[in-house]
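S.K.: Give me a model of this one.
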Amino acid sequence: MNKLELTVPPIIQVVIFAAIMWVLADVLAPFSMTLAVLLPVAVITALIGVAFSLLGVYEFHSAGTTVDPRLPEESASLVTHGVYKVSRNPMYVGFLLILIGWGIYLGNIVNIMLPVVFVLYMNRFQIVPEERYMQQKFGHEYSEYKKAVRRWI
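M.R.: So this is what the prediction gives:
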């Protein structure tokens, strides 16, 4: 296992990416755009992200399993209902939407790239290690779930 795998809580990763986006928006101000429509689009996108993440947390709590992805060994059950029928990682999809909303709000075209980097980082250092563990723990049931539901959306 790589040292970066499952070490930084995803919410901290979101905060780090959001801070980088904020700094970039300031440093690269010439690439910014101000359109009245950006604020409502940003807010709606971020709110959908918050809702998606909270639905994921709710389903985990309802199933009595851990929401801390750094501790996959504490997974008590494989959650495949509710929002988990749409995405295997709804909390991360929610975080991604929050970052996209933040990027839209900042109005800087360069910030469109940061959510892509977030996805790449999450895939490599968070999701792949989680999936390895889930496959080991839940076997065939997890294999079938992976066939039926996409990683992101």
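S.K.: what's the first-to-last distance across stretch 65-82?
M.R.: 15 Å (CA to CA, to the nearest Å).
S.K.: Only the buried residues of the biggest helix by length in the chain, if you could.
M.R.: Using DSSP state H to define each element, the chain has its longest helix at helix 38-63. Buried residues in helix 38-63, counted by 16 or more other CB atoms under 10 Å: 42, 45-46, 48-49, 52-53, 55-56, 59-60, 63. For every residue, glycine as well, the C-beta is placed using N, CA and C.
S.K.: next one: stretch 115-127
M.R.: Those would be 115, 118-119, 121-122, 125-127, for stretch 115-127 by 16+ other CB under 10 Å.
S.K.: Make a markdown table out of the residues you listed and add secondary structure, distance to residue 139 and pLDDT.
M.R.: What follows is the buried residues of stretch 115-127, written out as a markdown table (DSSP: H, G, I helix; E, B strand; the rest coil; distance: CB to CB, whole Å; pLDDT from 0 to 100):
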| residue | secondary structure | distance to residue 139 | pLDDT |
| --- | --- | --- | --- |
| 115 | helix | 33 | 96 |
| 118 | helix | 30 | 97 |
| 119 | helix | 27 | 98 |
| 121 | helix | 28 | 95 |
| 122 | helix | 24 | 96 |
| 125 | helix | 24 | 92 |
| 126 | helix | 21 | 93 |
| 127 | helix | 18 | 95 |
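S.K.: In JSON lines: those residues, plus distance to residue 138.
M.R.: Formatted as JSON lines, the buried residues of stretch 115-127 follow (distance: CB to CB, whole Å):
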{"residue": "115", "distance to residue 138": "29"}
{"residue": "118", "distance to residue 138": "26"}
{"residue": "119", "distance to residue 138": "24"}
{"residue": "121", "distance to residue 138": "25"}
{"residue": "122", "distance to residue 138": "21"}
{"residue": "125", "distance to residue 138": "21"}
{"residue": "126", "distance to residue 138": "18"}
{"residue": "127", "distance to residue 138": "15"}
